[in-house]
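**Q** missing the sequence, but the structure's below:
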């Protein structure tokens, strides 16, 4: 009988369902098995006779999922996952800005502590990161063409289309119309 070892890892850049699917597909060709995925933590079963931890680390890193080896970095990835959930999965951009309870609930740490850890490890403030993620969501909404600009501003918790327009131009270098004209045709096949 082959001896099997299990390893549990937290991963950097592992936030969405696309990441999960990519990892699951890539694992099909490996000498190790994906046992469980929970948020940004995975469990892998492997035979030490065939595979080393370094092999696993290299495989994950090649996919862009870097194993995390510090508690602070795990917290930062938990924050990123929570921001992603609120903006992309729950369509609740407002909660992340006004109701830090969600992040506090996910991590068990105070919001000032989370903001400080995030800035320390990511090179930008948590608020800046949230704006970047909201802009990514707005780009998708523009290309999907399901909402008016007023509805997008409302859904993303901006006080007016004018404010959102200025922010979008500042962040992307494009007006809404320019962005849709440049990228809209490429998204429809």
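**A** Received, thanks. Computed from a prediction, not measured in an experiment: that's the story for all the values here. Numbers count the residues shown, from 1 in each chain.

**Q** in which helix or strand does residue 8 reside?
**A** Assessed by DSSP states H and E, residue 8 sits inside strand 5-12.

**Q** what's the first helix or strand after that strand?
**A** Scanning the chain past strand 5-12 towards its C-terminal end, the next helix or strand to appear is helix 17-27 (assignment: DSSP H and E).

**Q** need the residues that contact the next helix-or-strand element following that following helix.
**A** Next along the chain after helix 17-27, taking DSSP H and E as the criterion, comes strand 32-38. Applying C-beta atoms under 8 Å, 6 or more residues apart in numbering, the external contacts of strand 32-38 come out as 6, 20, 23-24, 27, 42-47, 50-51, 55-56. Yep, even glycine has a C-beta here, placed from its N, CA and C like the rest.

**Q** from those, which is closest to residue 73?
**A** Within these, proximity to residue 73 (C-beta to C-beta) peaks at residue 42, which comes in at 15.2 Å.

**Q** count residues in the vicinity of the closest one, would you?
**A** Each residue near residue 42 was counted by other C-beta atoms under 10 Å, and the total is 23.

**Q** next: residue 104.
**A** If you count neighbours by other C-beta under 10 Å, residue 104 ends up with 15.

**Q** three-state assignment of it?
**A** Three-state assignment for residue 104 (DSSP: H, G, I helix; E, B strand; the rest coil): helix.

**Q** what comes up buried for stretch 136-153?
**A** Along stretch 136-153, the positions that meet the burial threshold by neighbour count (16 or more other C-beta atoms under 10 Å) are 137, 138, 139, 141, 142, 143, 149, 152, 153.

**Q** any weak-confidence spans in the chain?
**A** When residues are selected by pLDDT under 70, those of the chain lie in 1-2, 91-99, 185-189.

**Q** now the strands for it?
**A** In chain order, the chain shows strands spanning 5-12, 32-38, 41-46, 66-68, with DSSP state E as the criterion.

**Q** residue 167: which of those is closest?
**A** Going by C-beta to C-beta, the one of the strands of the chain nearest residue 167 is strand 5-12, 27.7 Å.

**Q** distance of residue 7 relative to residue 74?
**A** From residue 7 across to residue 74, the span is 15 Å (C-beta to C-beta, to the nearest Å).

**Q** between the two, which one's more packed in?
**A** Using other C-beta under 10 Å, the more surrounded residue of residue 7 and residue 74 is residue 74, with 18 against 15.

**Q** burial count for residue 129?
**A** Other residues lying near residue 129 total 19 when counted by other C-beta under 10 Å.

**Q** who are the contact partners of it?
**A** Listed by C-beta under 8 Å, 6+ apart, the contact partners of residue 129 are 80, 83, 118, 122.

**Q** what count of nearby residues applies to the nearest residue to the third one once chain neighbours are set aside?
**A** Read that as residue 118. Here the nearest residue to residue 118 in space, its sequence neighbours aside, is residue 126; by C-beta to C-beta, 6 or more residues apart in numbering that works out to 4.3 Å. Other residues within reach of residue 126 by the criterion other C-beta under 10 Å amount to 22.

**Q** I'm done for today, thanks for sticking with me.
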